[in-house]
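**Q** my questions concern the predicted model and sequence given below.
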Amino acid sequence: MQLFTRLFAALLFTTAQAAATARAAELPPGMANLAAQVLPAVVSIAALAPVGDTAAKSSDNDSGGDGDDSALRTADNAATGVIPPPKTIESLGSGFVFDPAGYILTNNHVVDNANAVTVTFADGSVYNATISGRDKDADLAVLKVDAGHPLPYVHFGDSGKMRVGDWVMAIGNPFGLPGSTSAGIVSALHRQIGDTSFDDFIQTDAAINRGNSGGPLFNLAGEVIGVNSAIEAPSGNSDGVGFAIPSAMAQPVALQLALKGVMQRGWLGISTEEVTPPIQAAMALSSADGALVGAVAPHGPSIGVLKTGDVVVGLDGVAVTNPHALFIRTAEIPAGNSVVVRFYRAGGIGQANVTMATPPPPLDESIAQPAPATPPPVILSAYGLGLAGKPAAGGVSVMSATGPAAKAGIVAGDVIMQVNGQQIASAGDLQAQVKALGKMPPVFLVSGNTADGSNPGPRWIPVPGN
């Protein structure tokens with residue numbers, strides 16, 4: 001009996017110890033060593049710009065100053081005849097060294113229109129900085145300081161491996177308090193808040209305030225997985241909703257700005273659309289993930305590689321879930337890089353190499369362009385459709401409908417707007433997309449009167465061929 005009692009007591013102790021260990025593992029990790037490791041590479045930034053500049057007039061969260069005193073200066077001038085120097089405003093932000101040669105990454109809005117920039121390190125060292133390059137579209141900028149010796153720096157991590165709930169740490173210069181450290185978790189991923197051209201933010205509840213902009217967001221390995229850039233703050237200060245530019249975007253931009261002074265993004269030369277439920281069903285796709293190719297630029301890098309009707313599901317090792325994800329991934333890759341594109345076609349997955357090209361310049365509309373000739377009608381005899389060559393408002397006009405098209409309810413005068421969820425711009429476009437479907441029957445989005453003369457509005461009509 002005593003032996004049983006001792007064994008039972010030992011079992012209870014072991015169970016309690018295991019439970020305590022499990023609870024300890026769930027507690028927030030200690031971050032003192034992590035902070036000590038990375039703090040030397042984090043800097044405070046002070047950027048000076050004239051009051052009249054755009055940056056000074058904006059409501060930048062990181063700006064400060066006394067406001068416009070032009071009326072006071074006018075009175076002073078009248079009284080003394082002395083013209084005072086132009087007033088400047090100081091914008092405070094953060095940044096971090098990503099290259100020991102002295103390259104520092106921060107937000108573009110921290111140094112926008114600045115005519116003098118200084119950076120202060122954790123050890124109190126102060127250096128004047130030059131702007132190596134700026135990327136307004138991603139709100140990133142690279143500064144360069146000449147310290148005369150290698151500087152402490154931090155590495156980029158893979159933001160694509162972060163999950164909601166992962167612990168993160170932010171370091172910066174909020175309210176001019178350098179080296180301030182806060183911790184929290186990843187609250188959400190792929191947030192679009194309308195802040196930049198390439199919104200794909202990491203959301204975190206780590207405290208981020210005015211002056212944190214440009215500072216790093218670290219994972220527990222001490223790697224930069226984000227650049228703190230914005231806050232949602234009805235109160236004006238941190239309300240636990242901060243946003244960071246993922247390292248997947250920040251790292252290639254930082255390297256290009258350091259090497260070339262500009263980020264020249266690549267171009268695939270395709271237009272894409274969502275994979276809608278009708279398209280998924282018509283193409284027998286197992287998932288709605290991906291970006292449906294609607295058109296391929298005639299002289300673009302994807303010509304001969306991708307086709308209308310392909311569904312892009314991966315680019316350069318990153319999964320593509322929708323057109324926006326493809327847009328963001330493309331923006332992360334510099335022009336000239338060769339990448340692997342994965343796509344769904346004719347019931348299987350394929351892949352091919354594409355070299356990212358430089359985007360073509362926008363058409364100069366000031367130069368008179370010759371009027372294009374009216375294209376001839378297009379006949380799809382397999383479906384009993386005669387289509388007007390001249391595009392109609394919102395799609396393609398049906399000139400005649402016989403056979404399968406007539407049986408399905410399409411009549412002359414209808415306008416075909418989409419094929420399997422893809423917008424139609426011309427009869428030739430419609431013909432190409434139907435051809436790309438192969439043996440798969442097309443599903444048309446049709447607007448116009450039905451055979452009985454009523455007009456129920458746009459409707460989806462599947463049309464099997466002869």
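**A** Looks like it arrived, so ask away.
**Q** and the gap between residue 164 and residue 318?
**A** 18 Å (Cβ to Cβ, to the nearest Å). (Each C-beta comes from the backbone N, C-alpha and C, glycine too.)
**Q** how about residue 418?
**A** In terms of Cβ to Cβ, residue 418 sits 28 Å off from residue 318.
**Q** between these two, point out the one with more neighbours.
**A** residue 418 (25 against 17; other Cβ atoms under 10 Å).
**Q** pLDDT score for the more buried one?
**A** What the model reports for residue 418 is a pLDDT of 88.
**Q** test of understanding: give the bridge partners of the closest residue to it other than its chain neighbours.
**A** With sequence-adjacent residues excluded and distances taken as Cβ to Cβ, 6 or more residues apart in numbering, residue 418 is closest to residue 445, at 3.8 Å. On the basis of DSSP bridges, residue 445 is bridged to residue 418, residue 460.
**Q** who's in contact with residue 445?
**A** Contact analysis of residue 445 by Cβ atoms under 8 Å, 6 or more residues apart in numbering lists 416-419, 421, 458-461.
**Q** worst-scoring helix or strand of the protein, pLDDT-wise?
**A** Least confident helix or strand of the chain, by mean pLDDT, DSSP states H and E, is helix 70-80 with a mean of 37.
**Q** I figured residue 264 hits residue 356, correct?
**A** No: Residue 264 lies out of contact with residue 356 (Cβ atoms under 8 Å); the separation is 9.6 Å.
**Q** tell me which of those two has more neighbours.
**A** The neighbour count for residue 264 versus residue 356, taken as other Cβ under 10 Å, is higher for residue 356 (23 against 13).
**Q** wait, the more buried one touches residue 336, no?
**A** Yes: look at residue 356 against residue 336 with Cβ under 8 Å: they come within range, at 6.4 Å.
**Q** any shared contact partners between the two?
**A** residue 266.
**Q** which secondary structure state does residue 406 sit in?
**A** When classified by DSSP: H, G, I helix; E, B strand; the rest coil, residue 406 comes out as helix.
**Q** what distance do you get for the closest residue to it other than its chain neighbours to residue 459?
**A** Closest residue in space to residue 406, ignoring its immediate chain neighbours: residue 384 at 6.1 Å, by Cβ to Cβ, 6+ apart. Computed as Cβ to Cβ, the residue 384 to residue 459 distance reads 18 Å.
**Q** over to residue 421?
**A** Remark: distance between residue 421 and residue 459 (Cβ to Cβ) = 14 Å.
**Q** higher neighbour count, the two?
**A** residue 421 (20 against 13).
**Q** any weak-confidence spans in this structure?
**A** 1-28, 51-89, 233-238, 362-374, 449-456 (pLDDT under 70).
**Q** domains in it, as residue ranges please.
**A** In terms of domains, the chain is parsed into 34-144, 159-260, 270-355, 378-462 (source: automatic domain parsing).
**Q** burial count for the nearest residue to residue 227 once chain neighbours are set aside?
**A** Distances taken as Cβ to Cβ, 6+ apart put residue 245 closest to residue 227, at 4.4 Å, once the chain neighbours are dropped. By the criterion of other Cβ under 10 Å, residue 245 has 28 neighbours.
**Q** adjacent strands (with direction) for the helix or strand encompassing residue 340?
**A** Per DSSP states H and E: residue 340 is located in strand 338-345. Neighbouring strands of strand 338-345 in its sheet, by DSSP bridges, are strand 311-315 (antiparallel), strand 348-355 (antiparallel).
**Q** please identify the deepest-packed of those strands.
**A** Comparing the strands paired with strand 338-345 by mean neighbour count (mean count of other Cβ atoms under 10 Å), strand 311-315 ranks first with a mean of 22.
**Q** if anything else comes up later, I'll come back, but that's it for now.
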